[in-house]
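K.L.:
Sequence below, structure please.
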Amino acid sequence: MTVAHAQAMVPALLVTEADADGDAAALERLARWCLRYAPLAAPDPPDGIVIDITGCAPLFGGEAALLADLDARLDGAGLAVRAAIADTWAAAWALARFAAPAMIAPPGATAEVLASLPAAALRLPPAVAVSLGRLGFERIADLAVIPRAALALRFGAAVLERLDRAEGRLAEPIRPVSEAQAPAARLTFAEPIGVDSLAAIVRRLARMLCRDLASAARGARRLDLLAFRVDREVAALRAGLAQACRDPDHIARLFTERLGSIDPGFGIEAAELVAQRTEPLDARQLASGLGAVPEPDLAPLIDRLAGRIGARRLFRLAPVESDLPERALRRIPALSPPVAAGWPDAPRPARLLDPPEPVAVTALLPDDPPALFVWNGRRRRVCRADGPERVFGEWWRTPAEAAEIREYFRVEDADGQRFWLFRRFDADGTRWFVHGLFA
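P.N.:
This is a model prediction of the structure:
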């Protein structure tokens with residue numbers, strides 16, 4: 001029907017412009033992802049993927065386990081999928097669309113399994129399928145009892161061809177997609193070299209790789225330097241970048257500072273620089289106008305620090321919309337964009353204890369702040385206290401949190417140290433904990 005007709009029937013209908021090229025590209029990317037299950041996979045437009053899993057099912061625990069893993073992963077990605085396994089591509093196509101959502105046809109029983117399916121499951125042209133239905137040939141089994149010559153004379157050779165492909169009498173080749181090759185630059189040496197000559201090689205490889213990245217309008221996010229030794233061993237270094245980059249000097253610097261960790265053995269006969277992960281990177285203007293000072297680029301500094309101390313130790317803290325302090329922060333990459341959540345108004349300690357440590361507390365009255373507490377075997381007399389700040393458990397997570405209540409106090413002892421204490425009300429009574437230390 002037309003869009004106007006559909007909107008007349010459903011006024012709140014959501015209409016989206018079709019993107020055939022985008023759909024085809026997405027289907028090809030998904031087919032390339034399916035290479036995790038078998039070396040042969042291909043898109044089957046407009047909405048299918050064919051995978052030749054011959055000999056691959058035992059690697060996943062059998063055909064049923066492979067099918068369950070595929071369905072679970074695609075379902076987790078938000079894709080509704082119907083899958084089937086059969087002896088032939090055409091039979092699997094038919095079972096996936098006209099049989100149970102996840103069906104496995106027994107080996108050698110393709111004809112029997114297909115017999116109960118409608119004739120349209122043979123991927124016939126629409127006009128031929130309509131003609132078969134008008135004459136009463138509704139099932140594939142109805143076509144199998146007709147003499148082949150009469151069937152071809154009445155409906156054309158396409159019906160016989162589709163039937164033979166489904167039952168395995170006619171081969172149906174697959175044009176598989178290939179894994180996307182990571183951009184790389186490689187140099188082979190006439191004579192083995194040592195580590196002292198590798199720095200100049202890395203700079204040359206970086207220039208070669210960045211030229212290829214520039215022609216593809218992409219930048220590197222993760223790179224591997226591979227040094228192929230004479231004894232067939234490979235020494236490798238990996239470098240990550242905070243944001244997409246194709247500056248050869250910066251990329252080379254990330255590796256030259258660490259070349260001393262490479263063991264050349266009896267010599268290095270080849271070197272390769274591979275961009276294992278890339279992202280789109282268009283050309284950008286460095287300044288907004290004449291005399292304008294460009295914004296400082298912290299990415300080179302972040303990359304060099306990450307190379308020295310490790311990327312896991314370099315991060316920013318971002319607020320999370322949660323009242324519980326242990327859930328109110330999360331780590332994000334150093335150059336991540338600002339998050340929408342705001343920081344709490346109440347002051348928070350610079351250091352949190354995970355988990356909170358129990359303390360023995362003495363208070364003048366049950367509802368008063370602590371006057372004395374014992375932590376790590378040491379008695380601390382409280383000189384100043386501020387609170388309480390009441391925090392409730394997140395009831396939507398677990399039933400146990402629905403009734404949890406904490407009252408936080410900021411206290412300072414006689415030595416000037418400041419602590420963050422809370423008392424928790426539960427079925428066992430009131431218990432005190434130290435949760436953080438102020439700077």
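
K.L.:
Tell me who's in contact with residue 46.
P.N.:
Neighbouring residues of residue 46 by Cβ atoms under 8 Å, 6 or more residues apart in numbering: 23, 27. Where you see a C-beta, it was placed from the backbone N, CA and C, and this is true even at glycine.

K.L.:
can you tell me the helix or strand for it?
P.N.:
Following DSSP states H and E, there is no helix or strand that holds residue 46.

K.L.:
ok, so what distance separates it from residue 34?
P.N.:
17 Å (Cβ to Cβ, to the nearest Å).

K.L.:
Confirm for me that residue 28 is in contact with residue 45.
P.N.:
No: proximity of residue 28 to residue 45 does not meet the contact threshold set by Cβ atoms under 8 Å, at 9.4 Å.

K.L.:
who's more crowded, these two?
P.N.:
Neighbour count, other Cβ atoms under 10 Å: between residue 28 and residue 45, residue 28 has more, with 15 against 11.

K.L.:
which residue sits closest to that one, ignoring its sequence neighbours?
P.N.:
residue 43 (5.1 Å; Cβ to Cβ, 6 or more residues apart in numbering).

K.L.:
Does anything pack onto whatever helix or strand residue 49 lives in? Which helices or strands?
P.N.:
If you go by DSSP H and E, residue 49 is part of strand 48-52. Counting contacts by 3 or more Cβ pairs under 8 Å, 6 or more residues apart in numbering; DSSP states H and E, strand 48-52 is packed against helix 20-33, strand 40-44, helix 89-98.

K.L.:
Phi, psi for residue 266 please.
P.N.:
Here the main-chain torsion angles of residue 266 (degrees, to the nearest 10) amount to phi -90, psi 10.

K.L.:
How much space separates the nearest residue to it once chain neighbours are set aside from residue 433?
P.N.:
Leaving out its chain neighbours, the residue that sits closest to residue 266 by Cβ to Cβ, 6+ apart is residue 230, at 4.7 Å. Distance check for residue 230 against residue 433: by Cβ to Cβ, it reads 61 Å.

K.L.:
And residue 418, by the same measure?
P.N.:
16 Å.

K.L.:
Same drill for those two, tell me which one is more crowded.
P.N.:
residue 433 (19 against 16).

K.L.:
Identify the residues contacting that one.
P.N.:
Contacts of residue 433 by Cβ under 8 Å, 6+ apart are 356, 357, 358, 359, 421, 422, 423, 424.

K.L.:
tell me the angle the strand holding residue 49 makes with helix 89-98.
P.N.:
Orientation check (axes from the mean of the first three to the mean of the last three Cα atoms, to 10 degrees): strand 48-52 against helix 89-98 gives 140 degrees.

K.L.:
ok so, going back, state the phi and psi torsions of the residue nearest to residue 266.
P.N.:
Dihedral angles for residue 230 - degrees, to the nearest 10 - are phi -60, psi -30.

K.L.:
Now do the contacts for it.
P.N.:
By Cβ under 8 Å, 6+ apart, the contact set of residue 230 is 192, 265, 266, 267, 268, 269.

K.L.:
Restricted to buried residues, select these in ChimeraX.
P.N.:
Buried subset of the contacts of residue 230, written as a ChimeraX selection, criterion 16 or more other Cβ atoms under 10 Å:
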select :268,269
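
K.L.:
As a markdown table, the contacts of residue 230 with secondary structure, pLDDT and distance to residue 173 would be great.
P.N.:
Output for the contacts of residue 230, formatted as a markdown table (DSSP: H, G, I helix; E, B strand; the rest coil; pLDDT from 0 to 100; distance: Cβ to Cβ, whole Å):
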| residue | secondary structure | pLDDT | distance to residue 173 |
| --- | --- | --- | --- |
| 192 | strand | 91 | 45 |
| 265 | coil | 88 | 45 |
| 266 | coil | 89 | 47 |
| 267 | coil | 91 | 46 |
| 268 | strand | 93 | 43 |
| 269 | strand | 93 | 40 |
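
K.L.:
Including distance to residue 220, could the contacts of residue 230 go into JSON lines?
P.N.:
Shown next, in JSON lines, are those (distance: Cβ to Cβ, whole Å):
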{"residue": "192", "distance to residue 220": "28"}
{"residue": "265", "distance to residue 220": "28"}
{"residue": "266", "distance to residue 220": "31"}
{"residue": "267", "distance to residue 220": "28"}
{"residue": "268", "distance to residue 220": "22"}
{"residue": "269", "distance to residue 220": "25"}
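
K.L.:
how about stretch 367-387: buried residues?
P.N.:
Within stretch 367-387, the residues that count as buried by 16+ other Cβ under 10 Å are 369, 370, 373, 375, 380, 382, 385, 387.

K.L.:
quick one on the thing from earlier: how about the residue nearest to residue 28, what does it touch?
P.N.:
Residue 43 neighbours (Cβ under 8 Å, 6+ apart): 24, 27, 28, 30, 31, 49, 177.

K.L.:
distance of the second one from residue 33?
P.N.:
In other words, residue 27. Residue 27 is 11 Å from residue 33, by Cβ to Cβ.

K.L.:
and the top helix by length along the chain, what other elements does it pack with?
P.N.:
The longest helix of the chain (DSSP state H) is helix 198-215. For helix 198-215, the elements it packs on are strand 184-193, strand 218-229, helix 248-256, strand 268-280, judged by 3+ Cβ pairs under 8 Å, 6+ apart.

K.L.:
how about a cut-off of 6 Å?
P.N.:
Packed against helix 198-215 by the contact rule (3 or more Cβ pairs under 6 Å, 6 or more residues apart in numbering; DSSP states H and E) you find strand 184-193, helix 248-256, strand 268-280.
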